[in-house]
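Asks: Compute the structure for the input listed below.
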Amino acid sequence: MNLLGKSLTVFIAIAAIMLMAFSMAVYSTHRNWRDDAEKLSAQLSEATNRNEQLQSSYNSLESQLTAEVEAAQQEVRKLESERVQLIEQNTSIQSVLDQLRQQERANTAAVASTQQNNEKLTAEVEALRAEIRENQQARDQAVATTIRSTDDLHQAQGRLSSLNERHIQLAQQLGEATAMLRENGIDPTTDAQAAVPSVRGVVSATIRQAGSQLIEVSVGADDGLKRGHTIEVFRGERYLGRAEIIRTEPDRAVGRVIRRFQQGQIQEGDDVATKLRIG
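Replies: Predicted structure coming up:
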């Protein structure tokens, strides 16, 4: 074989090798595209399933949130109705208290008038007695006058007896009114604006502030508490101390513990009352 033949043989071999390499590269590239397409298709399917799951979870959470909002609104309406009922009850109690105060003032005026009448009748009786003594000394000279004076005395005694009975009735009525006020926790001699209502509650929170202990209680302005009122704190039968109300809200109040009355550590859950009942 000459040089030309050898050259052609080598060229054909190289061309065959290059063609084989090109064919392998094309085949490998075709396989990679198909694998990528299959992976992307699988990822798309997975993303679609994930999106459907998230959409279902979103719909469930939205329904649950709607139900909770409706329940909260119903609870708010219920609490508002209870608040209105408590305000009406407070108004009714205040009306009864005003009537009792008016009755007490009327009874007091009646007692004062009765006392004045008694004093007047006492003076009249004394005058009649003096007249009787004078008539007794001059009985022989003025028998008719003595009889007339005796009749006048009997009439005066009858009026005095009637007035005494009326006085007793008014005193009993005054006693009953006073007892009724005291049963309702009201001192008859106390100014109406200074009267402290009889309420009970619990300590809902304790706070330390500027060296003082503040307590929040579960009763407030709707229960009649005002700034300046005092409340007693106790746990069971143990007395813990006293606090002065410094701020009120409709359903709660804040008080400052008075150190000179404190006899124990005040905690959440302790009982409070404006008045303590002993026995």
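
Asks: Pick out the residue nearest the middle of this structure.
Replies: Nearest to the mean C-alpha position of the chain, by Cα atoms, centre = their mean, lies D251 at 2.8 Å.

Asks: Now it: closest residue in space, sequence neighbours ignored.
Replies: The spatial neighbour of D251 that comes closest, neighbours along the chain excluded (Cβ to Cβ, 6 or more residues apart in numbering), is G220 at 5.0 Å. Glycine gets a C-beta too; all of them are placed from N, C-alpha and C.

Asks: Check which helices and strands the worst-scoring helix or strand of the chain on mean pLDDT is in contact with.
Replies: Ranked by mean pLDDT, DSSP states H and E, the weakest helix or strand in the chain is helix 143-183, scoring a mean of 76. Packing partners of helix 143-183 (3 or more Cβ pairs under 8 Å, 6 or more residues apart in numbering; DSSP states H and E): helix 3-137.

Asks: Can you list the helices and strands that the helix it packs on packs against?
Replies: Packing contacts for helix 3-137, counted by 3+ Cβ pairs under 8 Å, 6+ apart, involve helix 143-183.

Asks: Tell me what angle the helix it packs on forms with helix 3-137.
Replies: Between helix 143-183 and helix 3-137, the angle comes out at 170 degrees (axes from the mean of the first three to the mean of the last three Cα atoms, to 10 degrees).

Asks: coming back round to it: the least confident helix or strand of the chain: what's the following helix or strand?
Replies: Per DSSP states H and E, helix 143-183 leads on to strand 200-209 as the next helix or strand towards the C-terminus.

Asks: Show the contacting residues for L170.
Replies: 107, 110-111, 114 (Cβ atoms under 8 Å, 6 or more residues apart in numbering).

Asks: err, P197, not the other one
Replies: When contacts are counted by Cβ under 8 Å, 6+ apart, P197 touches 185, 223-225, 274.

Asks: again, only this time at 6 Å
Replies: Neighbour list for P197: G224 [criterion: Cβ atoms under 6 Å, 6 or more residues apart in numbering].

Asks: Give me the pLDDT for it.
Replies: Looking at P197, its pLDDT reads 77.

Asks: repeat for A138
Replies: Looking at A138, its pLDDT stands at 79.

Asks: same question, R50
Replies: Note on R50: pLDDT of 83.

Asks: do the same with A127
Replies: Note on A127: pLDDT of 88.

Asks: Kindly report the same for the one 5 residues further on.
Replies: According to the model's per-residue confidence, I132 sits at a pLDDT of 85.

Asks: got a list of what it touches?
Replies: Per Cβ under 6 Å, 6+ apart, neighbours of I132: S149.

Asks: distance of it from D151?
Replies: Distance, I132 to D151, using Cβ to Cβ, to the nearest Å: 11 Å.

Asks: and R200, how far is that from S218?
Replies: From R200 to S218 the distance is 9 Å (Cβ to Cβ).

Asks: And for E52?
Replies: Noted for E52: a distance of 50 Å to S218, by Cβ to Cβ.

Asks: And this structure, what are its domain boundaries?
Replies: Recorded structural domains for the chain (assignment: automatic domain parsing) are 102-183, 197-273.

Asks: Figure out which of these is closest to E80.
Replies: domain 197-273 (11.8 Å; Cβ to Cβ).

Asks: From one end of the closest one to the other, what's the distance?
Replies: The first and final residues of domain 197-273 sit 10 Å from each other (Cα to Cα, to the nearest Å).

Asks: E216: what secondary structure?
Replies: strand (DSSP: H, G, I helix; E, B strand; the rest coil).

Asks: Go ahead and confirm it touches S204.
Replies: Yes - E216 is within contact range of S204, at 5.0 Å (criterion: Cβ atoms under 6 Å).

Asks: Would you mind telling me which of those two has more residues around it?
Replies: E216 (18 against 14; other Cβ atoms under 10 Å).

Asks: Tell me, what's the model's pLDDT at that one?
Replies: Looking at E216, its pLDDT stands at 97.
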